[in-house]
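> Got a predicted model here, sequence first, then my questions.
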Amino acid sequence: MNDSSWQPEPVPAGPAYDAQVGPHTRPMPIVPDAAGRDFDDREARDRGAAAVGGPLFRAETPPQEPMPSPPPPPSQAPQDDSPPPPKKRAGRDLRAAIGVGVGLGAVIFASLFVVKAVFVGVIVVAVVVGLWELTSRLQEKKGIKAPLVPLAVGGAAMVIAGYVRGAEGAWVAMALTALAVLVWRMTEPPEGYLKDVTAGVFAAFYVPFLATFVAMLLTADDGPQRVVTFLVLTVVSDTGAYAVGWRFGKTKLAPRISPGKTREGLFGAVAFAMAAGALCMEFLIDGGTWWQGLLLGLAVAVSATLGDLGESMIKRDLGIKDMGTLLPGHGGIMDRLDSLLPTAPVVWLLLAAFVGTG
């Protein structure tokens, strides 16, 4: 509160008068010193005080160090908000994949041991669907129009001819299918003719011709057992590669083609396939021995891996992950035939060498 009845006398400026004078402080009287000089008693007091303990009236306090905060109790300790490292997971829906695999296996085994001709029909259906998937992806991603009609008809004829007439019939049907592709494409404008017919001939060889060797396995007296051996070894090889690679895989096998495949997985495929081959040759194939099964399993592991890498190369070129979506958890038919197709002629050739074609 200000008092208008009293005003303090002005204080001369200077370092000796740094002290702040409050509104109710009476001015100190001026007295002469021994030499006759007048001085402010307040100055003498301030100087004396400053000589003893420093500035007496300045509102300056030395800086204080901040008090350290007490550590939080264990219940309130800072938590690490960084996300946990991701767990290894399979790239597909395993439940759906297993369910579809069991269903396909039931259809295959039922047709194999009931009527052989029914299994030939299963091969034909798989070939036609695989050709449709392959030609559709080629047209969607690359603009390549491989003619589906002559491929589908010629592919079905190839499988049936291989079953009825053997390798000679399969080669004749392959040649006629390639000729049909060349002629069929002539009904359209010439632009892109060369790439279209090249893709058509490649598709005819890649899908139906290689599948014909499965039908040729069936023609032997123990044909169903040979087909089962071929399917079991291929599936076991894929399973061994997946299991060992997922658990122990560190060194990439072909990172530019298929980043998920590892050398450890390849070793797993070889070990699993060789063990299964020894068992199958010993107990399923007439006249087979266990050491032949070891060689057969090794060959299957290599051919199945190369087949898988080959289709991965095609899919990378097309910029797709799967050839189709027909089989939940697997992709398309071609995604299941990738390792089977190149393995079929390998198994047929080795079994013919070991125990004959009869």
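Cool, the structure landed. Residues are numbered from 1 along each chain as shown.

> List the buried residues for the lengthiest strand in the chain?
Counting residues, the longest strand found in the chain (DSSP state E) is strand 258-262. Neighbour counts over strand 258-262 (16 or more other CB atoms under 10 Å) mark Ser258, Gly260, Lys261, Thr262 as buried. Yep, even glycine has a C-beta here, placed from its N, CA and C like the rest.

> and of those residues, the nearest to Leu182?
Using CB to CB, Ser258 comes nearest to Leu182 of these, at 33.3 Å.

> need the contact list for that closest one.
Ser258 makes contact with Asp308, Leu309, Ser312 under the criterion CB atoms under 8 Å, 6 or more residues apart in numbering.

> in which helix or strand would I find the first one?
Just to be clear, that refers to Asp308. If you go by DSSP states H and E, Asp308 is part of helix 290-318.

> which other helices and strands contact that helix?
When contacts are defined as 3 or more CB pairs under 8 Å, 6 or more residues apart in numbering; DSSP states H and E, helix 290-318 sits against helix 116-142, helix 223-248, strand 258-262, helix 263-283, helix 340-355.

> Would you single out the least confident of those?
Mean pLDDT per stretch puts strand 258-262 lowest among those, at a mean of 91.

> ok, Arg165 - how many residues close by?
Using other CB atoms under 10 Å, Arg165 has 15 neighbouring residues.

> So for stretch 286-299, mean pLDDT?
96.

> Mind listing what's buried along that stretch?
For stretch 286-299, by 16+ other CB under 10 Å, it's Gly288, Gln292, Gly293, Leu294, Leu295, Leu296, Gly297, Leu298, Ala299.

> Same question for stretch 199-208.
Residues Ala199, Gly200, Val201, Phe202, Ala203, Ala204, Tyr206, Val207, Pro208 are the ones in stretch 199-208 that count as buried (16+ other CB under 10 Å).

> just how off-centre is it within its chain?
28 Å (CA atoms, centre = their mean, to the nearest Å).

> which residues sit against it?
Residues outside stretch 199-208 that contact it (CB under 8 Å, 6+ apart): 127, 130-131, 134-135, 138, 144, 146-147, 150-151, 154-156, 158-159, 174, 177-178, 181, 185, 334, 337, 341.

> Could you tell me the angle between the helix holding Asp308 and helix 340-355?
160 degrees (axes from the mean of the first three to the mean of the last three CA atoms, to 10 degrees).
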